[in-house]
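Peer 1: the following block contains a protein sequence and its predicted model.
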Amino acid sequence: MLKTIQQVIGLGICSAIYLGLAVDAYALDAELPEDPLNSVMWENMASRFFPGEVVIDQRVIVQGPLDAENQMQVPITVDATQLDDVKQIVAVADLNPIPHILTLHPTRAQAFIGFRVKLEQATPIRVGVQTGDGVWHVNGVTVNAAGGGCTAPALAHGLNDWYKTLGQARAITRRESEELARLSVRLQHPMDTGLAPGIPVFYMNQIEVKSPAGDVLANIEMFEPISENPTLTLKPLVSDNVDELLVYARDTEANEFNYSLPVPAITDN
Amino acid sequence: MTSSLLEGCSRRQVLQLLAGSAACACCGSVHANKLAYDLAATEIASGTWAVHGSTEHFTLENGGNIVNVAFIEVPDGVVVVDTGPSRRYGEALLQLIEKTVPGKPVLRVYNTHHHPDHFLGNQVFKENIVAAPQQIIDNILSEGDGFADNMYRLVGDWMRGTASIAPTVALQDSTEEVGGRKFSLFYLSGHTSSDLVIRDDETGVVFSGDLAFYNRAPTTPHADINIWQESLQSIAVLDRELILPGHGLQDNTGESLEQTSDYLNWLHTSMQDATGLGLTMNEAMELPLPARFRSLDVVETEYKRSVVHMYLALEDELMPLLEPK
Ligand SMILES: [Zn+2]
């Protein structure tokens, strides 16, 4: 920002229009808070994924390991339940070849998500939570990793008949309270990034959780960095007479998968 | 000693420096050419020496010396159990052996399993004396290079010149005589897919490899907990005088076996519970450790690593498969 001003001053007799542009840029820049994770990609990430007003907010709790024990499956959990009126949650990895990990719209769910990500190298994992007033509440963690998570082929390709179990699902559903369920679902999918030699891009790009009446409780757009066999943990809001959740998933080849998950009564916990 | 030299060093590192101890990797170039493992031999039984490593993680300071290596004087020579994390370690070990047991040749080197801190010193020994079960040899052949690369990343310059060298002698007998001493060999597994346990039948010292940890949290990257528990049972009933665990001090009561078993049992059960509750790995990592394990070295970090090692398989086991709709 300083540099911009110095450049402008250095021009000396620059035109008013030019000066005006520079000052506008300065004003916009000034709104972006300093990056707590000290990444060279911060401004780039913020302008691409969190356009508009950005605040660093500790109420966005992002859990991730300091070191990636398995960089093909780095667990991240986001809890933004201290914020009201959450419209969407966007997770990105600054230094991945493809940064965008996922976007969650928790329409009728708590602002909470657990997922796992492939990391190409050590990188900040950044989460922006947009509230109804348009403000992005951003926080994140830096995870160390050795390298190669995104460009390595999925383990599934070591198996001959991986496609037979494509979309197969495992899940655990629990009622945490009368109005709140916890859903952990794992869907069989190679999640090919297109970056491994000879393997075209092919990944599960959408998961929707619905009530039996068809109301969308949560919608997740997923991208290439999500780990093989995506495993997602969500907290949908369910009234006490709802004993079932519907899960719909779709991949980039338009394969579609539908499942019904029983939600046990609270006494069954 | 100028203050600028000490900048960025921890208090412990500074104390080490002032004490004139070997290397301070933190101070970088000043000591870059002097990286040296300060190996010491402790006689734990007659003619049997343990070379104890620290009970930390791999760090730039310790050069990967976190492991127990041992050597035994037999009538005609020396037998070595595990070779440490690097070529440089192997060289220091050879010097220590020559100093402790002058003039005696190394006749046999055993590798207890394929983890990098246990075999990456192999290259300083004659190839035709380094021995392990075939499965350990295969594991080193398939994973050794990757481990060596990773060790370079973790401990840096200490690894210079280190290559992954697999044993050439495939063990299969239940005993072997080396230089006039009989050794019993037990082909176990659980810490990895192949764990060799060696007993010196003369002294009754059992070299357990990483099937036993003592006052140091067990590591689980290749573990099968149920099989590991069975292996601990097998060691528990062995006729023996002393156990040298893979990490931690020698144990003459068998407490290391009980401690390892207790920890693994708790770990397994609590990971099953966490998976069953649908907790995320991150949530599982934050679960409190029972008081009795909190004094184990590096337990906080090993526990978090174990969550990642164990979760996927437990999901296969405990998450019900759904019928498509
Ligand atoms: Zn080991």
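Peer 2: Cool, the structure landed. Everything numeric here is computed off the predicted structure, so don't read it as measured data.
Peer 1: where in the stretch 151-269 of chain A is pLDDT low?
Peer 2: Applying pLDDT under 70 to the stretch 151-269 of chain A picks out residues A:151-152, A:159-160, A:267-269.
Peer 1: state the distance from whatever residue of it ends up closest to the ion to residue A:227.
Peer 2: Nearest to the ion, among the residues of the stretch 151-269 of chain A, is residue A:155, at 22.8 Å (CB to the ion). C-beta here means a position set from N, CA and C on the backbone, and glycine is covered the same way. Noted for residue A:155: a distance of 10 Å to residue A:227, by CB to CB, to the nearest Å.
Peer 1: what do the two both touch?
Peer 2: Residues touching both residue A:155 and residue A:227 (CB atoms under 8 Å, 6 or more residues apart in numbering or on different chains) are residue A:72.
Peer 1: for stretch A:156-164, list every residue counted as buried.
Peer 2: Across stretch A:156-164, burial judged by 16 or more other CB atoms under 10 Å in any protein chain shown covers A:156, A:162.
Peer 1: report whether that stretch contacts chain B.
Peer 2: No: Stretch A:156-164 lies out of reach of chain B by CB under 8 Å from any CB of the partner chain, never closer than 12.8 Å.
Peer 1: that stretch: end-to-end distance?
Peer 2: End-to-end distance for stretch A:156-164, by CA to CA, to the nearest Å: 11 Å.
Peer 1: just confirm residue B:113 is within a helix.
Peer 2: No: with DSSP: H, G, I helix; E, B strand; the rest coil as the criterion, residue B:113 is coil rather than part of a helix.
Peer 1: since we're on residue A:133, how many residues are nearby?
Peer 2: Number of residues near residue A:133 (other CB atoms under 10 Å in any protein chain shown) recorded here: 9.
Peer 1: whoops, I mixed them up, residue B:186
Peer 2: Using other CB under 10 Å, residue B:186 has 17 neighbouring residues.
Peer 1: per-residue confidence at the residue nearest to it when sequence neighbours are not counted?
Peer 2: Spatially, and ignoring its direct neighbours in sequence, residue B:186 is nearest to residue B:197 (4.0 Å; CB to CB, 6 or more residues apart in numbering or on different chains). What the model reports as pLDDT for residue B:197 is 98.
Peer 1: wait, residue B:197 sits on residue B:189?
Peer 2: No: using CB atoms under 8 Å, residue B:197 makes no contact with residue B:189, being 10.3 Å away.
Peer 1: got any residues that touch both of those two?
Peer 2: The contact lists of residue B:197 and residue B:189 share residue B:231, where a contact means CB under 8 Å, 6+ apart.
Peer 1: and residue B:246, how many neighbours?
Peer 2: So residue B:246, with other CB under 10 Å, has 31 neighbours.
Peer 1: what does it show for phi and psi?
Peer 2: phi -70, psi -30 (degrees, to the nearest 10).
Peer 1: where does chain B come near chain A, residue by residue?
Peer 2: So chain B meets chain A at B:150, B:153, B:221, B:275-283, B:285-286, B:304-305, B:308-309, B:311-312, B:315-316, B:318-325 (CB under 8 Å from any CB).
Peer 1: which residue ranges form the strands in chain B?
Peer 2: For chain B, applying DSSP state E gives strands covering B:42-45, B:48-51, B:69-74, B:77-81, B:106-110, B:130-133, B:169-171, B:175-178, B:181-188, B:195-200, B:205-213, B:242-247.
Peer 1: for residue A:40, which of those is the nearest?
Peer 2: Residue A:40 lies closest to strand B:242-247 among the strands of chain B, at 39.3 Å (CB to CB).
Peer 1: any idea of the angle the closest one forms with strand B:69-74?
Peer 2: 150 degrees (axes from the mean of the first three to the mean of the last three CA atoms, to 10 degrees).
Peer 1: let me see the ranges of the helices in chain A.
Peer 2: A:2-10, A:16-31, A:42-49 (DSSP state H).
Peer 1: now the residue of the stretch 151-269 of chain A closest to the ion: how far from chain B?
Peer 2: 10 Å (CB to the nearest CB, to the nearest Å).
Peer 1: identify the residues contacting that residue.
Peer 2: With CB under 8 Å, 6+ apart, residue A:155 has these contacts: A:72, A:228.
Peer 1: and it, how far from residue B:241?
Peer 2: Residue A:155 is 45 Å from residue B:241, where distance means CB to CB.
Peer 1: what's the neighbour count on the residue nearest to residue A:93 when sequence neighbours are not counted?
Peer 2: Using CB to CB, 6+ apart and skipping residues adjacent in sequence, the residue nearest residue A:93 is residue A:123, 4.8 Å away. Counted with other CB under 10 Å, residues neighbouring residue A:123 total 27.
Peer 1: enumerate every residue touching residue A:123.
Peer 2: By CB under 8 Å, 6+ apart, the neighbours of residue A:123 are A:39, A:93-96, A:142-143, A:145.
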